[in-house]
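Colleague: Output the structure for:
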Amino acid sequence: MRELFKFHDQSSAPEESKQLLEKVKASSGMIPGLYAVLAESPEALKAYVELGKIFSQSSLSDEEKTVVWQTINVEHECKFCVPAHTLVAKLMKIDETITNALRDKSPLPNEKLEKLREFTLILVRNRGKATEEEVSAFIEAGFTRKNILEVIIGISQKVLSNYTNYLANTPLNKEFQAFAW
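Modeller: Numbering: from 1, shown residues only. Model (predicted):
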């Protein structure tokens, strides 16, 4: 299906996407393949960027954000996002034990992070439905109602990227290839 999608750069992107692509390239030195695809729809590109900013500003720690992102990426089997977020985790100085456990679906180093992964999977697999007991277990693990809503923001961002990458069969940028999954 890749032929259906154009991978844009600053010269080929719709006018409304050019500025966002320039900002991404200026901050990271590249245009990730996902952004190159999303640029076809300035609204989709803006939505992904804004959801990312909002989720990054949430009250979850960097470790917890990584758990949410990678849990979803792994569950959705996104061959682009797992490597991309492995690099993001490395840049965020997340312990490789956590990163590897998420990629390999092996136990996380502490119970709170494991409860976060379990709760994220419940929401993803059940399309947002969680029992009262499942919500209570999440709260008892040290999370809040606010955190529940923040996990939903993370899911929203990852659905946008994971589904786009499936349809576009987005190839890995060279910067992500060392973390191929």
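Colleague: where's the nearest residue to Glu96 once chain neighbours are set aside, which helix or strand?
Modeller: Closest residue in space to Glu96, ignoring its immediate chain neighbours: Lys90 at 7.9 Å, by Cβ to Cβ, 6 or more residues apart in numbering. From N, CA and C alone the C-beta is placed, and that goes for glycine too. In the assignment (DSSP states H and E), Lys90 maps to helix 81-91.
Colleague: which strands and helices sit next to that helix?
Modeller: Packed against helix 81-91 by the contact rule (3 or more Cβ pairs under 8 Å, 6 or more residues apart in numbering; DSSP states H and E) you find helix 62-75, helix 96-104, helix 145-168.
Colleague: Quick one, which of the ones you listed gets closest to Ser41.
Modeller: helix 145-168 (9.5 Å; Cβ to Cβ).
Colleague: Quick one: list the elements packing against the closest one.
Modeller: With contacts defined as 3+ Cβ pairs under 8 Å, 6+ apart, the packing partners of helix 145-168 are helix 33-38, helix 42-56, helix 62-75, helix 81-91, helix 111-125, helix 132-140.
Colleague: Using PDB, write out every CA atom in the first one.
Modeller: Which is helix 33-38. This file holds the C-alpha atoms of helix 33-38, laid out as PDB (Å, rounded to 0.1, in the frame of the first residue of the first chain):
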ATOM      1  CA  GLY A  33       8.800   8.900   8.100                       C
ATOM      2  CA  LEU A  34       5.600   9.100  10.100                       C
ATOM      3  CA  TYR A  35       5.700  13.000   9.800                       C
ATOM      4  CA  ALA A  36       6.400  12.700   6.100                       C
ATOM      5  CA  VAL A  37       3.200  10.700   5.600                       C
ATOM      6  CA  LEU A  38       1.100  12.700   8.000                       C
END
